[in-house]
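Colleague: got a structure for you, letters missing:
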């Protein structure tokens, strides 16, 4: 027996409305729902659900590093930079083998979580 694939990732936020706007309007990740009650929202990132939530207690605070696959890292970098996202640097090759290059470009969300765009390109 083994665990299945990752289904949901919790991302601690301090201002739910600000974070929902960033992830949905800037990054373009679809909102699934915002249930009544505690401040939380769920977004659809492919088959993985992102759970944005204000932690009820300090021990539930998470720090995450998320990698988002894109088809054209240069175009997505330009789009996000045009929307005000401050990148830590331009897209760059971080790994190269015989058949592919792995390109990445990193930035932070409003709560300081590290987010990275990634694209595999044929060499």
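Modeller: Ah, there it is. Please read all numbers here as calculations on a predicted model, not as lab measurements.
Colleague: For the rest of this, base every contact and every neighbour count on C-alpha atoms.
Modeller: OK.
Colleague: List the contacts of stretch 92-102.
Modeller: 103-105, 118-123 (CA atoms under 8 Å, 6 or more residues apart in numbering).
Colleague: Name the residues of that stretch that come out as buried.
Modeller: By neighbour count on 16 or more other CA atoms under 10 Å, the buried set for stretch 92-102 is 101-102.
Colleague: for the helix ranked longest in the chain, which positions count as buried?
Modeller: Ranked by residue count under DSSP state H, the longest helix found in the chain is helix 73-82. Within helix 73-82, the residues scored as buried using 16+ other CA under 10 Å are 73-74, 76-77.
Colleague: Now render these as TSV, adding distance to residue 17 and pLDDT.
Modeller: Output for the buried residues of helix 73-82, formatted as TSV (distance: CA to CA, whole Å; pLDDT from 0 to 100):
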residue	distance to residue 17	pLDDT
73	27	97
74	29	97
76	23	97
77	24	97
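Colleague: Now render the residues you listed as JSON lines, adding distance to residue 32.
Modeller: Rendered in JSON lines, the data for those read as follows (distance: CA to CA, whole Å):
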{"residue": "73", "distance to residue 32": "25"}
{"residue": "74", "distance to residue 32": "28"}
{"residue": "76", "distance to residue 32": "23"}
{"residue": "77", "distance to residue 32": "25"}
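Colleague: Buried subset of the contacts of stretch 92-102, written for PyMOL?
Modeller: The PyMOL command for the buried members of those (criterion: 16+ other CA under 10 Å) is given here:
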select buried, resi 103+104+105+118+119+120
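Colleague: Mind putting the contacts of stretch 92-102 into JSON lines with distance to residue 58, secondary structure and pLDDT?
Modeller: As requested, those are arranged in JSON lines below (distance: CA to CA, whole Å; DSSP: H, G, I helix; E, B strand; the rest coil; pLDDT from 0 to 100):
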{"residue": "103", "distance to residue 58": "35", "secondary structure": "strand", "pLDDT": "98"}
{"residue": "104", "distance to residue 58": "32", "secondary structure": "strand", "pLDDT": "98"}
{"residue": "105", "distance to residue 58": "30", "secondary structure": "strand", "pLDDT": "98"}
{"residue": "118", "distance to residue 58": "31", "secondary structure": "strand", "pLDDT": "97"}
{"residue": "119", "distance to residue 58": "35", "secondary structure": "strand", "pLDDT": "97"}
{"residue": "120", "distance to residue 58": "37", "secondary structure": "strand", "pLDDT": "97"}
{"residue": "121", "distance to residue 58": "41", "secondary structure": "strand", "pLDDT": "96"}
{"residue": "122", "distance to residue 58": "44", "secondary structure": "strand", "pLDDT": "94"}
{"residue": "123", "distance to residue 58": "46", "secondary structure": "coil", "pLDDT": "89"}
